[in-house]
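> sequence unknown, structure follows:
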């Protein structure tokens, strides 16, 4: 295995000079001028690359101010704050990425970002494909970010109800590939032609049951999204789906 890798035309490895990356994180304090000043300072200090973090508060956590979403540790610098509000303050607006990248390149640095999740890419696929057919998601942990970005409610096929924004802490009864294939076949029968967001690419599933539309869309957080069609050659089974009951420690967080 080679000990040298190439990034944007620059050789990196043990036999080369150190590759210095400046991390901007949330140090811009929600000011684009400050962000560009950080780029200038990083270049002046000799950094070879500049790294951003790509996420929004809604793709990271829930907008709640109690329980595990609220910091009440008396020794914490952020005591009395919710995680959602902290992420709102720390995130880098997506429209800033272009001017920041342009300034970094102009100063001879390599700009890049660590996208914490692939939900924006998935949301773009959903909005493009949305033609009135129902959308399903399994597991429901895929729903919060996609709901926040698209405004759609997703059917949770195991329970036959629809989610909006919900905390997910339920263990699925699906543990094997055989159970996964059986579940997909059953969902195709129940829901007919419908779109679905999955966590795992199905194995050995007939094209009449499931057809993938994307490959693995994966972000820095490790969450994987796969978009496909259930029962692509069948009519949609139209019915009203009740809203799912909350499962977040008895607290209703759907909206």
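Received the coordinates, thanks. Fair warning: this is a prediction, and the values are worked out from it, not measured in the lab.

> so who does residue 146 touch?
119, 122-123, 126, 137, 152, 154, 197 (CB atoms under 8 Å, 6 or more residues apart in numbering). All C-beta atoms are positioned from the backbone trio N, CA, C, and that covers glycine.

> That one and residue 65, how far apart?
Distance, residue 146 to residue 65, using CB to CB, to the nearest Å: 23 Å.

> residue ranges of the helices in the stretch 1-150 of the chain, please?
Here the stretch 1-150 of the chain has its helices, by DSSP state H, counting those that start in this stretch, at 32-44, 57-60, 83-90, 97-106, 119-129, 143-150.

> Tell me which of the ones you listed is the most buried.
Most buried of these, by mean neighbour count (mean count of other CB atoms under 10 Å): helix 143-150, with a mean of 22.

> Run the angle between it and helix 119-129 for me.
With axes from the mean of the first three to the mean of the last three CA atoms, to 10 degrees as the basis, helix 143-150 and helix 119-129 are set at 60 degrees to each other.

> How about the contacts made by residue 89?
When contacts are counted by CB under 8 Å, 6+ apart, residue 89 touches 26, 29-30.

> swap that for residue 25, sorry
Contact analysis of residue 25 by CB under 8 Å, 6+ apart lists 53, 90.

> picking up where we left off before, save the helices of the stretch 1-150 of the chain as JSON lines, and put in distance to residue 180 too.
Shown next, in JSON lines, are the helices of the stretch 1-150 of the chain (distance: least, CB to CB, whole Å):
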{"stretch": "helix 32-44", "distance to residue 180": "44"}
{"stretch": "helix 57-60", "distance to residue 180": "26"}
{"stretch": "helix 83-90", "distance to residue 180": "32"}
{"stretch": "helix 97-106", "distance to residue 180": "36"}
{"stretch": "helix 119-129", "distance to residue 180": "20"}
{"stretch": "helix 143-150", "distance to residue 180": "19"}
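
> quick one, which of the ones you listed is nearest to residue 161?
Set against residue 161 and scored by CB to CB, the helices of the stretch 1-150 of the chain come closest in helix 143-150, at 11.6 Å.

> from the chain's centre, how far out does the closest one sit?
Offset of helix 143-150 from its chain centre (CA atoms, centre = their mean, to the nearest Å): 9 Å.
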